[in-house]
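**Student:** Sequence unavailable; structure follows:
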């Protein structure tokens, strides 16, 4: 199995804010989510929720699912890493052909 570089949505959001010169405080006040949530998100201790994705999407003029897709991709890659040895033992289902 390939090893993929995996980026948490908190890292992506932090880059957005830096590029646009917006503070986490300004963002939190604009969309009504606590600054501490973003601090935890940047540290990968929190995940993006549907609510957060919708609010961030509106703020950055992106679709509602943009941030959730980043979160989902991150989660899938992390689980694949954890399941690496287990996945080697799982054989794909093959239907028997009718005689």
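**Tutor:** All right, it came through fine. Note that the structure is a prediction, hence the values are computed from the model and not measured. Numbering: from 1, shown residues only.
**Student:** Can you name the next helix or strand after the strand or helix carrying residue 77?
**Tutor:** In the assignment (DSSP states H and E), residue 77 maps to helix 66-82. Sequence-wise, the next helix or strand beyond helix 66-82 is helix 84-89, with elements assigned using DSSP H and E.
**Student:** Could you list the low-pLDDT ranges of this protein?
**Tutor:** Counting by pLDDT under 70, the chain shows low-confidence ranges at 1-4, 98-99.
**Student:** re earlier: mind checking how far the helix holding residue 77 is from the chain centre?
**Tutor:** Computed by C-alpha atoms, centre = their mean, to the nearest Å, the chain-centroid distance of helix 66-82 equals 6 Å.
**Student:** what's the burial count for the residue nearest to residue 46 when sequence neighbours are not counted?
**Tutor:** Excluding the flanking residues, the one nearest residue 46 by C-beta to C-beta, 6 or more residues apart in numbering is residue 40, at 4.0 Å. Just so you know, the C-beta spots here come from the backbone N, C-alpha and C atoms, and that holds for glycine as well. Neighbour count for residue 40, taken as other C-beta atoms under 10 Å: 14.
**Student:** Now do residue 40 against residue 74, distance only.
**Tutor:** Distance from residue 40 to residue 74, counting by C-beta to C-beta, to the nearest Å: 15 Å.
**Student:** so residue 58 makes contact with residue 31?
**Tutor:** Yes. With contacts counted by C-beta atoms under 8 Å, residue 58 reaches residue 31, the gap being 7.5 Å.
**Student:** neighbour-wise, which of those two wins?
**Tutor:** Using other C-beta under 10 Å as the criterion, residue 58 and residue 31 rank with residue 31 on top: 16 against 13.
**Student:** ok, that one touching residue 56?
**Tutor:** Yes. Counting by C-beta under 8 Å, residue 31 does reach residue 56; the two are 6.9 Å apart.
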